[in-house]
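# This is the structure alone, sequence omitted:
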């Protein structure tokens, strides 16, 4: 077992996959064939939950606030 790695790396030949070719879907458990050694391995992206980003839509102008706790420009003026 290799633990959680910062990049998608083939466990057989240690070839690192480019970010744009990596499996990023957090619900994925996908078999991948290494382009370098042609061996198959399984990748399971792991993510750390950091909390909720809350956004609120202004009823006046329809603009979304940045953090949900701050008034939009039209509400500040009124």
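Alright, I've got the coordinates. Computed from a prediction, not measured in an experiment: that's the story for all the values here.

# tell me the SS of the residue most central in space within the chain?
Geometric centre of the chain, nearest residue: residue 24, 6.3 Å, by CA atoms, centre = their mean. Following DSSP: H, G, I helix; E, B strand; the rest coil, residue 24 is assigned to coil.

# wait, it sits on residue 45?
Yes. Counting by CB atoms under 8 Å, residue 24 touches residue 45, with 5.9 Å between them. (Each C-beta comes from the backbone N, C-alpha and C, glycine too.)

# for stretch 7-16, which positions count as buried?
8-10 (16 or more other CB atoms under 10 Å).

# coming back round to it: can you pull the residues that touch both of residue 24 and residue 45?
Common contact partners of residue 24 and residue 45 (CB atoms under 8 Å, 6 or more residues apart in numbering): none.

# Report the separation between residue 15 and residue 33.
11 Å (CB to CB, to the nearest Å).

# Repeat that for residue 53.
Residue 53 is 36 Å from residue 33, by CB to CB.

# ok, the residue nearest to the centre of the chain - contacts?
Taking CB under 8 Å, 6+ apart, one finds residue 45 in contact with residue 24.

# This structure: strands as residue ranges?
Ranges of strands within the chain are 30-33, 40-43, based on DSSP state E.

# From the contact counts, what lies against the last one?
What it means is strand 40-43. strand 30-33 (3 or more CB pairs under 8 Å, 6 or more residues apart in numbering; DSSP states H and E).
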